[in-house]
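how would this look folded up:
(2 chains)
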2 protein chains.
Amino acid sequence: MSDNTSSRTDPRRPRGVLAPVLTPFHGDLSPDARRLARQCRWLLAHGCAALAPFGTTSEANSLSVDERVNLLDAILEDGVPADRLITGTGACSLTDAVRLTAQAVRRGCAGVLMLPPFYYKVVSEDGFFRFFSEVIERVGDARLRIYLYHFPPVAHVGFTQKLVERLLRAFPRTVVGMKDSSGDLAHTKSILDAFAADGFDVFVGSERFLLGGMRMGAAGCISATANVNASAIDRLYQAWRSPEAERLQAEVDAVRGAVEKVPLIPGLKAIVAHHAADPAWLTVRPPLVDLSPAQRDALLGDLAALKFAMPGLRD
Amino acid sequence: MSDNTSSRTDPRRPRGVLAPVLTPFHGDLSPDARRLARQCRWLLAHGCAALAPFGTTSEANSLSVDERVNLLDAILEDGVPADRLITGTGACSLTDAVRLTAQAVRRGCAGVLMLPPFYYKVVSEDGFFRFFSEVIERVGDARLRIYLYHFPPVAHVGFTQKLVERLLRAFPRTVVGMKDSSGDLAHTKSILDAFAADGFDVFVGSERFLLGGMRMGAAGCISATANVNASAIDRLYQAWRSPEAERLQAEVDAVRGAVEKVPLIPGLKAIVAHHAADPAWLTVRPPLVDLSPAQRDALLGDLAALKFAMPGLRD
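Residues are numbered from 1 along each chain as shown, chains lettered A, B, ... in the order given. You can find the predicted model right below:
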């Protein structure tokens, strides 16, 4: 079905731990490109094989398309390596998805991570197929590599196995993988069983499923908490076949568990703000809201008890 | 709570039947401003008290913000009266919502119909309040009139009564009404009971609820099927207190029932295309798809059996 190229044989296709990078904001809620670029570099030096900016955790859908385009340009100009980025480019609007995806390809990004158009909730398989076909044809660039972003708990629409199969058959060199944020390893397994042999790379959407996923043939994880805990998650990724794997999984689960007690995005921002000693990181865009001081104290206390650290973040 | 101005005393606040106007597209899927302006004029001459372009039925979220801005400018320049428009300006992105809303106010639109930001599904009341507060403050124009677009079946997020109350208390001259597309007259009643006395105008989201809604104090309806059946719906609106009301309600329900047998937006476009003898109207943007020929034939046959007509549409 595909050309059997995969991340196993193609070094341009990332494997391992990817962070959907948090988007820092200025006090006026405009995106802060300088802080974002610095954070990208820190993440690449501390466990991330690649980055997935402009994802759910990045509040990307809370940005305008102009803001997204300008922010990607700015971090690339600031030296963030395009070939280590799989940028989020899905959108409700066909023309937005085309514009964002064309920019990512033109700027040399390793790939794009695409949500399906998520406004209408009753959409046929034909409708999603037609949407992705239009994007791929309009971008019209053989370098395009699309990872499908399957996230039913938030998008409320997703990729059926039959839709993936149709897309792979029609665009075998372009549709190359999935971020499976279904939260269901049985779903991950069904996708891997159906498509991994064709070189389709599946990333689990949380490190909770990393060991289980690796044992089934996953390519790694793209996880919100990789924003703060990528080194530990990468140790698990590197050692998943070792006798240490279960212990390493339990360690990353403990951190994840602490973070999941509060709303995830402001929680992660509070952790970065604390460890970077940089309160500017606390800002989220509406409709999200900051943690309360009590939530923040509890979160940081829980993490301190786990001896959690983010070395080098203040430099 | 509010200033007690309402559509009953303020002629700038529309009452009656509003159509969320279908957006026609060119063959290349770009919006067709000329056809849209012509359709707006036809609707205003055939039963619509005002129009609600850029709604769900308009495929507005399938357009980029630039396309929306340019399309509104174009139809206003083509003579569509701004003071009879309540345009959709809600968006997931704060900056998009501000840009669209500011344009509507600057161009003299009678109001805006705002979806809540609909990407994140677990959002606190504070988060939505903060979003709308930011939009209102950033637009910063006393002419702004916001109608809240409550549509949980599609947006999966909505306006609780407590949120409406907070918004009304904070912005009594700005937050002036709601389109209630909950599909639940008991919900409509709870909103009317709580806020109608303060001049809050509630439009039901389907003419199926028009008679029931009017008896509770609604201001009218904003309904997809008003795109094709506004004259009949307006007859019901005008006569809701008369002995004819039940019969008129049954008549509009019959048309609605025929349309609801197929996907609503391509179905409505097929009806306009047929009665305008203009197949360009058939085009929908992905992820929506056209009706099949069999669906179209069945729909037009059902409507013919009801003696359905759209007089003057070919002129």
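
any weak-confidence spans in chain A?
Within chain A, the stretches with pLDDT under 70 are A:1-5.

what residues does it put near chain B?
Within chain A, the positions near chain B by Cβ under 8 Å from any Cβ of the partner chain are A:29, A:56, A:61-65, A:67, A:92-96, A:99, A:116-124, A:126-128, A:130-131, A:134, A:153-154, A:156, A:263, A:285-289. C-betas here are computed from N, CA, C, even on glycine.

From start to finish, how long is stretch A:9-18 in a straight line?
Stretch A:9-18 has an end-to-end distance of 19 Å (criterion: Cα to Cα, to the nearest Å).

Go through that stretch and flag the buried ones.
Neighbour counts over stretch A:9-18 (16 or more other Cβ atoms under 10 Å in any protein chain shown) mark A:Arg13, A:Pro14, A:Arg15, A:Gly16, A:Val17, A:Leu18 as buried.

Next, give phi and psi for A:Ala224.
With angles defined as degrees, to the nearest 10, A:Ala224 sits at phi -50, psi -50.

In contact with the closest residue to it other than its chain neighbours, which residues?
Among residues not flanking A:Ala224 along the chain, A:Thr57 sits closest, at 4.2 Å (Cβ to Cβ, 6 or more residues apart in numbering or on different chains). Residues near A:Thr57 by Cβ atoms under 8 Å, 6 or more residues apart in numbering or on different chains: A:Pro20, A:Val21, A:Leu22, A:Ala224, A:Asn227, A:Leu264, A:Ile265, A:Leu268.

so which of those residues is the most crowded?
Each of the contacts of A:Thr57 was scored for neighbours by other Cβ atoms under 10 Å in any protein chain shown, and A:Pro20 scores highest at 29 neighbours.

circling back: farthest-separated two in the contacts of A:Thr57?
Spatially, the most separated pair among the contacts of A:Thr57 is A:Val21 and A:Leu264, at 14.0 Å (Cβ to Cβ).

Strands of chain A, start to end?
Assigned strands in chain A, in chain order: A:16-19, A:50-51, A:86-88, A:111-114, A:146-150, A:175-180, A:201-204, A:220-222 (criterion: DSSP state E).

hang on, the earlier thing: are any of the residues of chain A next to chain B buried, and if so which?
Neighbour-count burial (16+ other Cβ under 10 Å) applied to these gives A:29, A:56, A:61-65, A:67, A:92-96, A:99, A:116-120, A:123, A:127-128, A:130-131, A:134, A:154, A:156, A:263, A:285-289.

among these, which are in helices?
Residues of those located in helices (DSSP state H): A:Val65, A:Glu67, A:Leu94, A:Thr95, A:Asp96, A:Arg99, A:Gly127, A:Phe128, A:Arg130, A:Phe131, A:Glu134, A:Val154.

how about the nearest residue to A:Thr225, chain neighbours excluded?
A:Arg256 (5.2 Å).

residue contacts, that neighbour?
A:Arg256 makes contact with A:Ser206, A:Glu207, A:Arg208, A:Thr225, A:Asn229 under the criterion Cβ under 8 Å, 6+ apart.

Let's see that with 10 Å instead.
Residues in contact with A:Arg256 (Cβ atoms under 10 Å, 6 or more residues apart in numbering or on different chains) are A:Ser206, A:Glu207, A:Arg208, A:Ser223, A:Ala224, A:Thr225, A:Val228, A:Asn229, A:Ile233, A:Leu264.

tally of neighbours for the first one?
It stands for A:Ser206. A:Ser206: 21 neighbours (other Cβ under 10 Å).

quick one: buried residues of stretch A:192-204?
Residues A:Leu192, A:Ala194, A:Phe195, A:Ala196, A:Asp198, A:Gly199, A:Phe200, A:Asp201, A:Val202, A:Phe203, A:Val204 are the ones in stretch A:192-204 that count as buried (16+ other Cβ under 10 Å).

Can you check the distance spanned by that stretch, start to finish?
Length of stretch A:192-204, first residue to last, Cα to Cα: 11 Å.

can you check stretch A:218-235 too?
16 Å.

My guess is A:Val255 contacts A:Ser206. True?
No: contact between A:Val255 and A:Ser206 fails when scored by Cβ atoms under 10 Å: they sit 11.7 Å apart.

okay, and the common contacts of those two?
If you check A:Val255 and A:Ser206 against Cβ under 10 Å, 6+ apart, the residues they both contact are A:Thr225, A:Ile233.

Now stretch A:154-162: buried residues?
For stretch A:154-162, the neighbour count (16+ other Cβ under 10 Å) marks A:Val154, A:Ala155, A:His156, A:Val157, A:Gly158, A:Phe159 as buried.
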